[in-house]
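Student: Would you be able to build a 3D model of this:
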Amino acid sequence: MRKDVRRSLMPLFFHLHDEDHSVAQASRKALLGAAKLLKRRQLRKLLETEQTWRVAECLLAENGSRAEEYLDQSLPYLQSPQEPLREAACRFMALQGKANDSSPSVSSLAVQILLMLGPAVEEPPSGFSLQALCYWFLRAWRRRTRALGDGWLCCRSCVQS
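Tutor: Residues are numbered from 1 along each chain as shown. All right, here's what the predicted structure looks like:
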């Protein structure tokens, strides 16, 4: 039974990023149960504090020997119709390459990919500063562009035709 539970860790991890909130919550609960069953305290702590962006690091650190299996399980998620699942798969693969490849060029490439993807979770700067102001402005801008969709720069006459 533990073997089956271990095999389910990666799919559950990816579905933490599912667009359907109920699927993400169910995955979190199932992964938390798996962490308890497998006696993985660090994984359990990350899930309880909802630090989902660090779960992949924890899985690789605790199961470095399973990195190839995890990589194989990641491949189908690159074809997912859901962007958050594809991004999680890319991020995981880069993280796995950074952590487990002895070649400096591959590790460097993995780091570059992680930098291009940006932080998994943006943490707002504390206090009032130019950096904090830029952070909040950028966050508001991203929300606005998402809310208005792709055609937000079109003029009114373009939308009517």
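
Student: So which helix or strand of the chain has the lowest pLDDT on average?
Tutor: Ranked by mean pLDDT, DSSP states H and E, the weakest helix or strand in the chain is helix 156-160, scoring a mean of 43.

Student: ok, now which ones touch residue 77?
Tutor: Under the criterion of Cβ atoms under 8 Å, 6 or more residues apart in numbering, the contact list for residue 77 reads 14, 85, 86, 88, 89. (Each C-beta comes from the backbone N, C-alpha and C, glycine too.)

Student: er, residue 85 I mean
Tutor: The neighbours of residue 85, taking Cβ under 8 Å, 6+ apart as the test, are 14, 15, 17, 18, 77.

Student: Am I right that the second one is in contact with residue 22?
Tutor: No. Under the contact definition of Cβ atoms under 8 Å, residue 15 does not touch residue 22, with a separation of 10.7 Å.

Student: Looking only at neighbour counts, state which of the two leads.
Tutor: Looking at residue 15 and residue 22 with other Cβ atoms under 10 Å, you find the greater number of neighbours at residue 15, namely 22 against 8.

Student: how about that one, what does it touch?
Tutor: 23, 24, 26, 27, 85.

Student: Any figure for the gap between residue 45 and residue 85?
Tutor: 24 Å (Cβ to Cβ, to the nearest Å).

Student: would you list every one of the helices in the protein?
Tutor: Along the chain, the segments classed as helices by DSSP state H run 2-7, 9-15, 21-37, 41-48, 55-62, 67-74, 83-100, 104-117, 130-148, 156-160.
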